[in-house]
Each structure stands twice: as C-alpha cells, then as structure tokens.
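Q: give the three-dimensional model of this entry:
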Amino acid sequence: MTEALIHTAENSGTTAAQAQPGPSAEQVSAVDTLSPAEVEAAVHAIADRSRHAARRMSTANRAWKDRGLRAVGAALQENVQAILAANAMDVQRGKDNGTSKALLDRLTLTETRVAGLVAALENLANLPDPVGNVVRGQTLPNGLRLRQVNVPMGVVAAIYEARPNVTVDIAGLALKSGNAVILRGGSAAEATNQVLVRVLREALESVGLPADAVQTVDQFGRAGANVLMKARGRVDVLIPRGGRDLIQTVVTNSAVPVIETGEGNVHIFIDESADENMAVEILLNAKTQRPSVCNTVETLLVHSGSTVLPAVASALRNAGVRLHVDDRTKAALPGVETEPATDADWGTEYMDLDLAVAMVDSLDDAVQHIRTWSTGHTEAILTNHLANAERFIAEVDSAAVIVNASTRFTDGGELGLGAEVGISTQKLHARGPMGLTELTTTKWIVQGEGQVRA
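A: All right, here's what the predicted structure looks like:
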C-alpha cells in the first residue's frame with residue numbers, strides 16, 4: 001500500500017473555525033481498535049448516506065448548485081487562516097518525514113493557491129450545467145421520440161495523496177454535476193483535509209444542500225480505503241489520483257469501476273524547423289513553471305538537423321534544470337553541464353528540475369521513442385511545418401497532443417473545464433482532463449403514444 005492509504009482521522013464535533021487540525025491520540029486509538037467488520041459497517045454507512053445525498057443532488061437545479069459552489073468559495077475565504085494553519089502542520093510533518101520536494105510542493109497551500117481554488121469554484125458556477133444536456137436525439141419512423149441525456153454518476157469516490165487542492169476540486173465538480181463524493185485524501189494532508197471537508201459540508205448545509213454530498217473515510221485509514229475499493233453497488237465509480245504505486249494499487253484491488261488517471265512522462269519534440277525563441281520559452285515554461293505536476297515535460301527530443309539545442313539547453317541549465325543526455329546530445333553541448341542518461345531516465349516522471357534529452361534523426365524516430373516510453377498523458381511538437389504537425393497529431397496516441405505550445409496547458413482549468421478530477425490516460429468513458437461532463441453518464445429517454453413492438 002502507498003502512503004495515501006495510511007490512516008488519518010477527522011474530528012467532526014466542532015465547527016470549521018474552531019477545529020484544531022490533526023487527529024487526537026484518543027481518535028487514533030479508537031480507530032485502531034475497530035474490528036474489520038466495524039470498519040466495513042462504518043464505511044458502508046457513509047456510502048449509503050452518500051447514495052441518499054446523491055439522489056437529492058441529482059434533482060437540484062443549476063441555480064441551487066451554483067449557490068452551493070459560491071457558498072463553498074466564500075467559506076474557504078472566511079476560513080483561510082484555519083486552512084493554512086492546518087496545512088503548515090502537514091507540511092512540517094512532511095519535511096520531518098523526508099517527503100520529497102515535489103510532493104511537498106503539491107501538499108503546500110498558500111493564500112494565492114486558496115484564492116485559485118475559490119476562482120475555480122466561481123468558474124464552475126459560470127459553466128453550463130451538464131445534467132440534462134441532450135447528447136443526441138431523433139424521432140423514429142414509428143413516432144417514438146428518443147433523447148440521450150447526461151445524468152449524474154451518483155456516488156463518486158476519490159483516493160489521492162498529498163493534494164489538498166484536489167479535495168476542493170473534486171467536491172466542486174461533483175456538486176456541479178449533481179453527484180455525491182467520498183474522499184480519501186491520505187495521511188500526508190490529514191490536517192488540511194480535515195478542515196477542508198468540514199468547511200465544505202457546512203457551506204453546503206448553509207444553502208440547503210445535503211452535507212453528506214461530501215464525506216471522507218480518512219478517519220478509518222488504510223482499512224477504510226480498502227473497504228471503499230470493495231464497495232461495489234454502493235459506490236458508482238472510483239478515481240485514483242497520485243503516483244504510479246497508488247494508482248496501480250487501486251486499479252488492482254478495486255471491485256468498484258475505476259477511471260485510471262496516469263502519471264505524466266511527457267515529451268516535447270523539436271523538429272528541424274522550430275523557432276529558437278519559441279522553443280526556449282516553451283521549454284522553460286513546460287519544465288520550470290511548476291515541475292512537480294503531471295503536465296510538466298520530462299523528456300525533450302531534438303531533431304539532429306535543428307540548431308536550437310544549445311540555446312534551449314543553456315536556458316534550462318541557467319534555470320537550474322539538470323540535463324540527462326544521450327551521447328549525441330552531449331557531443332552537441334560541449335560547454336553545457338550534463339550527465340549521462342540511462343534507459344531509466346527515458347521512463348522516469350521526475351516531478352523535479354530534471355530533464356532527459358535525446359537526439360533523433362526524424363519525426364519517425366521521435367514518434368517511435370514516444371511510443372516506447374510515453375505514459376499516454378501529453379506530448380507536444382514544436383514545428384513550422386504543417387505536414388509534420390499533422391503527422392504528429394495523427395500518429396501520437398496520447399490523451400493530449402499539443403502543437404507549438406507548452407504542455408502545461410493539459411489542465412482542466414486551462415482548457416476551460418473549470419477544474420479537473422484528474423487526467424485520464426485510459427480510453428474508456430473519459431480521456432484527458434476530466435471535468436463536469438466526465439462525471440456524468442447518460443440515459444435514454446423514450447417517449448411514445450401507445451406504440452408496441454411488432
């Protein structure tokens with residue numbers, strides 16, 4: 001099991017403003033003394049309350065749900081100091097435990113980041129309601145009127161690690177799409193999530209929406225997460241978000257249908273026609289703006305006929321990026337500090353200021369490298385040849401393919417979805433950034449006037 005499936009606790013007896021972040025010794029002891037049957041019963045009870053809340057959410061109109069989103073945003077602003085105090089405890093504990101710099105960055109909330117969460121909730125409120133959207137429809141020759149419409153999933157569960165922003169993002173998306181959500185936010189962010197969940201629940205209740213539309217099983221630790229993964233029939237879909245170990249643990253052990261979000265071994269290919277200034281600017285943005293996130297570039301492929309490599313490499317080194325290069329790249333960069341790349345580098349999602357760099361002789365070679373090592377998340381080409389761009393788009397099979405722009409745009413907010421549950425790298429149901437529509441399914445509505453089948 002990964003870190004995200006280690007137990008945390010929730011103190012539900014105080015208001016958000018009064019909450020002292022982190023579980024007490026008595027709470028942890030009480031959880032540890034529960035039998036497996038008692039944990040199962042408790043998690044099932046949470047799921048059953050979520051099912052009831054989901055039925056209420058499915059009938060809430062857009063105006064009501066948007067009031068809820070704005071109430072959550074206001075509550076986050078009102079409780080920002082309590083949230084940041086709890087987060088500081090989590091961050092300090094992470095430092096004491098030797099948590100990596102990348103995970104600490106994902107774990108950390110600031111006033112600016114909380115303001116970003118509030119802005120994302122407002123963006124969600126301004127987006128159309130996906131529920132009731134007509135996907136397609138027709139009238140049959142026998143007079144039957146057909147419509148296929150979007151409807152909520154029902155109960156959505158999420159297991160994630162060290163990402164308190166996901167608590168708000170998923171809750172907001174679930175609310176707008178008419179779902180209830182059960183969260184397992186992991187031990188790394190236990191204090192922050194404790195406060196956030198309470199703030200969310202109180203905000204929903206303040207506008208007459210069910211508080212049980214947002215619940216957590218953090219208080220039951222690893223055992224609670226395991227029960228959640230097996231709660232088929234009580235939970236409609238489970239979304240893991242985190243590193244490879246967490247995702248594969250959920251995919252392997254879950255009896256609940258899973259939408260798999262994937263790690264981001266992201267590539268950028270610079271062909272022989274790419275503009276130097278554009279290449280430098282895009283690579284700096286894609287690698288250094290926020291290196292700990294999944295849409296950051298991890299491998300750079302450069303055509304052997306390109307002249308931009310020295311400028312790109314120098315700019316990256318000046319920004320503190322460590323370059324792991326093949327022999328041909330090293331020979332082309334005599335004045336730039338590099339280190340030898342191994343096969344492990346081509347398959348690594350660094351989530352840090354590291355970049356693997358290889359030289360290729362053709363677009364075909366670049367595509368073959370991507371097919372060998374990609375995780376199917378995001379790939380980009382920098383080119384001034386339309387034919388190369390079109391071939392790259394057609395031949396690269398990833399959730400997002402980008403031409404002449406930073407890979408950092410593979411993000412629900414940046415692509416106009418308001419927020420995202422995660423980036424799906426699978427092909428069934430949802431692929432790419434998962435926003436509101438991806439948290440709905442469809443049903444067929446058939447209206448007739450007495451027709452019977454011949």
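
Q: quote the end-to-end distance of stretch 299-314.
A: 16 Å (CA to CA, to the nearest Å).

Q: flag every buried residue along that stretch.
A: Neighbour-count burial for stretch 299-314 flags 299-303, 306, 308-309, 312-313 (criterion: 16 or more other CB atoms under 10 Å). All C-beta atoms are positioned from the backbone trio N, CA, C, and that covers glycine.

Q: likewise for stretch 127-145?
A: So, applying 16+ other CB under 10 Å, buried residues of stretch 127-145: 127, 129-131.

Q: who's in contact with that stretch?
A: 58, 61-62, 65, 146-152, 176-178, 417-418, 436-437, 439-440, 442, 446-449, 451 (CB atoms under 8 Å, 6 or more residues apart in numbering).

Q: beyond the lowest-mean-pLDDT helix or strand in the chain, next helix or strand please.
A: One helix or strand of the chain scores below all others by mean pLDDT, DSSP states H and E: helix 25-32, with a mean of 50. With elements assigned by DSSP states H and E, the helix or strand that comes after helix 25-32 is helix 36-58.

Q: can I get that following helix in PDB, CA atoms only?
A: Provided in PDB are the C-alpha atoms of helix 36-58 (Å, rounded to 0.1, in the frame of the first residue of the first chain):
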ATOM      1  CA  PRO A  36     -12.600  -5.100  10.300                       C
ATOM      2  CA  ALA A  37     -16.300  -5.800  10.400                       C
ATOM      3  CA  GLU A  38     -16.900  -2.500  12.300                       C
ATOM      4  CA  VAL A  39     -14.800  -0.500   9.800                       C
ATOM      5  CA  GLU A  40     -16.700  -2.100   6.900                       C
ATOM      6  CA  ALA A  41     -20.100  -1.300   8.500                       C
ATOM      7  CA  ALA A  42     -19.000   2.300   9.100                       C
ATOM      8  CA  VAL A  43     -17.700   2.900   5.600                       C
ATOM      9  CA  HIS A  44     -20.900   1.200   4.100                       C
ATOM     10  CA  ALA A  45     -23.000   3.600   6.300                       C
ATOM     11  CA  ILE A  46     -21.100   6.500   4.800                       C
ATOM     12  CA  ALA A  47     -21.600   5.200   1.300                       C
ATOM     13  CA  ASP A  48     -25.300   4.700   2.000                       C
ATOM     14  CA  ARG A  49     -25.600   8.300   3.200                       C
ATOM     15  CA  SER A  50     -23.800   9.400   0.100                       C
ATOM     16  CA  ARG A  51     -26.300   7.500  -2.000                       C
ATOM     17  CA  HIS A  52     -29.200   9.300  -0.300                       C
ATOM     18  CA  ALA A  53     -27.400  12.600  -0.800                       C
ATOM     19  CA  ALA A  54     -26.700  11.800  -4.500                       C
ATOM     20  CA  ARG A  55     -30.400  11.300  -5.100                       C
ATOM     21  CA  ARG A  56     -31.100  14.800  -3.700                       C
ATOM     22  CA  MET A  57     -28.200  16.300  -5.700                       C
ATOM     23  CA  SER A  58     -29.500  14.800  -8.900                       C
END
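
Q: now what about that helix, what contacts it?
A: By CB under 8 Å, 6+ apart, helix 36-58 touches 34, 65, 131, 151-152, 154-155, 175, 178-182, 209-213, 215, 217, 220, 223-224, 227-228, 231, 234-235.

Q: tell me how many other residues surround Asp343.
A: Residues lying near Asp343 (other CB atoms under 10 Å) number 9.

Q: so how far is Arg136 from it?
A: For Asp343, the distance to Arg136 equals 47 Å [CB to CB, to the nearest Å].

Q: same check on Gln92?
A: Counting by CB to CB, the gap from Gln92 to Arg136 is 53 Å.

Q: how far does stretch 141-152 sit from its chain's centre?
A: Here stretch 141-152 shows a centroid-to-chain-centroid distance of 33 Å under the convention CA atoms, centre = their mean, to the nearest Å.

Q: equivalent analysis for stretch 187-201, please.
A: That offset, for stretch 187-201, works out to 18 Å (CA atoms, centre = their mean).

Q: on that earlier part again, now the buried residues of stretch 299-314 in TSV, with secondary structure?
A: Conversion of the buried residues of stretch 299-314 to TSV gives the following (DSSP: H, G, I helix; E, B strand; the rest coil):
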residue	secondary structure
Thr299	strand
Leu300	strand
Leu301	strand
Val302	strand
His303	strand
Ser306	coil
Val308	coil
Leu309	helix
Val312	helix
Ala313	helix
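
Q: just those now: which is nearest His369?
A: When these are compared for distance to His369 (CB to CB), Leu301 comes out closest, at 5.9 Å.

Q: go ahead and confirm the closest one touches Ala274.
A: No - contact criterion CB atoms under 8 Å: Leu301 and Ala274 do not qualify, at 11.4 Å.

Q: next, format the buried residues of stretch 299-314 as JSON lines and append distance to Asn384.
A: Formatted as JSON lines, these follow (distance: CB to CB, whole Å):
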{"residue": "Thr299", "distance to Asn384": "22"}
{"residue": "Leu300", "distance to Asn384": "18"}
{"residue": "Leu301", "distance to Asn384": "17"}
{"residue": "Val302", "distance to Asn384": "15"}
{"residue": "His303", "distance to Asn384": "12"}
{"residue": "Ser306", "distance to Asn384": "11"}
{"residue": "Val308", "distance to Asn384": "12"}
{"residue": "Leu309", "distance to Asn384": "16"}
{"residue": "Val312", "distance to Asn384": "16"}
{"residue": "Ala313", "distance to Asn384": "20"}
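
Q: sounds good, over and out.
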